[in-house]
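1. Okay, sequence plus prediction incoming.
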Amino acid sequence: MKKMLLFFLLISISSLYGQEVALDNSKTSPSEVRISPNPAKSFVVVTHIQAIRRIAVLSITGQVIIEQSFDDARHTHRIDVSLLRRGAYFIRIETDGRIVTRKLLKN
């Protein structure tokens with residue numbers, strides 16, 4: 001049941017943004033995206049093998065809570081999550097032509 005609910009949530013998010021959404025490693029290799037620490041208290045460091053263009057933190061309902069865009073070609077960015085309430089979120093990483101979504105836990 002839990003997995004099915006997550007699937008439908010991903011379909012909703014995918015429809016909302018009209019882009020490919022990968023929550024698990026079925027479409028991305030484990031080394032392609034790294035989010036640490038996870039669970040996080042005050043910040044997360046997001047690393048991707050491609051240059052990151054935008055990072056968004058979404059509520060479990062798909063509402064964008066934090067969004068940052070980047071003009072440089074860096075592959076690693078630090079995101080402040082200290083103001084988020086404790087709970088589960090999604091973090092969406094956009095590169096050139098690719099969007100990957102992962103689960104983020106906030107302590």
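-> Looks like it came in fine. Numbering: from 1, shown residues only.
2. beta partners for the residue most central in space within the chain?
-> Centre of the chain computed as the mean C-alpha position; nearest residue by CA atoms, centre = their mean is residue 91, 1.9 Å away. Partner residues in beta bridges with residue 91, using DSSP bridges, are residue 57, residue 102.
3. pretty sure it is touching residue 102, no?
-> Yes - A contact is recorded between residue 91 and residue 102 when judged using CB atoms under 8 Å, the distance being 5.4 Å. Heads up, the C-betas are built off the backbone N, CA and C, glycines and all.
4. Overlap in contacts, these two.
-> residue 35 (CB atoms under 8 Å, 6 or more residues apart in numbering).
5. on that earlier part again, so what's the residue nearest to the centre of the chain scoring on pLDDT?
-> The pLDDT attached to residue 91 in the predicted structure is 97.
6. where in the protein is pLDDT low?
-> Across the chain, the stretches falling below the confidence threshold (pLDDT under 70) are 1-31.
7. Going along the chain, name the helices of it.
-> Assignment of helices within the chain using DSSP state H yields the ranges 2-17.
8. For it, just list every one of the strands.
-> Remark: strands assigned in the chain by DSSP state E are 33-36, 43-48, 52-58, 64-69, 76-80, 87-95, 98-106.
9. With that, I have no additional questions.
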